[in-house]
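Q: predicted model follows, preceded by the sequence.
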Amino acid sequence: MKKILIHILGTIIILGSGFLLFLAALNSENVLVQKILNGFVGGRGTPLLVYFVLCMVLYIDAVKRKMPYAWLWCAGMISFPIIGIVIYLMKRPPLPEPPERTSRLCPNCGKYYEPPVNYCPHCGARVESE
């Protein structure tokens with residue numbers, strides 16, 4: 001439960017900081033920033049949406065690979081998009097191997113149990129011991 005709350009908090013921080021940066025850029029007097037924003041808003045915001053989706057995909061991938069501080073990778077991607085993606089792709093570990101499934105299916109209740117047992121721990125029905 002604690003991990004889920006940390007992931008939710010990290011996501012809120014990342015999206016909130018990106019939104020605040022976007023609002024700060026909207027109020028900017030800088031001509032270059034205004035031209036970039038006109039490109040985003042003139043293109044109906046699609047590039048910005050793609051950018052945030054890419055950030056969330058990177059975050060989800062980091063969580064699946066059990067990388068510590070996955071939200072920091074996403075923050076790095078927001079701060080330095082091209083460099084962040086390249087460094088992430090170089091540093092990410094391989095996906096963890098799924099555990100080998102040794103459980104069996106109970107013919108009575110349809111739930112899985114771990115052998116060797118003579119009775120299903122869920123429903124108590126007799127099962128084959130192999």
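A: Everything's here; your move. Numbers count the residues shown, from 1 in each chain.
Q: tell me, how many residues neighbour residue 85?
A: Each residue near residue 85 was counted by other Cβ atoms under 10 Å, and the total is 16. The C-beta positions use only the backbone N, C-alpha and C, and glycine is treated the same way.
Q: so it is in contact with residue 78, correct?
A: No: with contact defined as Cβ atoms under 8 Å, residue 85 does not count as touching residue 78 (11.1 Å).
Q: I'd like the next helix or strand past the least confident helix or strand in the chain by mean pLDDT.
A: Every helix and strand of the chain was ranked by mean pLDDT, DSSP states H and E. The lowest is helix 31-42, at a mean of 65. Beyond helix 31-42 on the C-terminal side, the first helix or strand identified by DSSP states H and E is helix 46-64.
Q: what packs against that next one?
A: Here helix 46-64 touches helix 2-26, helix 31-42, helix 70-79, helix 81-91, going by 3 or more Cβ pairs under 8 Å, 6 or more residues apart in numbering; DSSP states H and E.
Q: any buried residues in it, and which?
A: By neighbour count on 16 or more other Cβ atoms under 10 Å, the buried set for helix 46-64 is 48, 52, 55, 58-59, 61-63.
Q: likewise for stretch 111-120?
A: Buried residues in stretch 111-120 (16+ other Cβ under 10 Å): 113, 120.
Q: send the alpha carbons of that stretch over as PDB?
A: Provided in PDB are the C-alpha atoms of stretch 111-120 (Å, rounded to 0.1, in the frame of the first residue of the first chain):
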ATOM      1  CA  LYS A 111      -8.300 -21.900  -7.500                       C
ATOM      2  CA  TYR A 112      -4.600 -22.500  -7.600                       C
ATOM      3  CA  TYR A 113      -2.700 -24.400  -4.900                       C
ATOM      4  CA  GLU A 114       1.000 -25.200  -4.300                       C
ATOM      5  CA  PRO A 115       1.800 -28.900  -4.300                       C
ATOM      6  CA  PRO A 116       2.500 -31.300  -2.600                       C
ATOM      7  CA  VAL A 117      -0.800 -31.400  -0.800                       C
ATOM      8  CA  ASN A 118      -3.600 -34.000  -0.600                       C
ATOM      9  CA  TYR A 119      -6.400 -31.500  -0.100                       C
ATOM     10  CA  CYS A 120      -7.100 -28.100  -1.600                       C
END
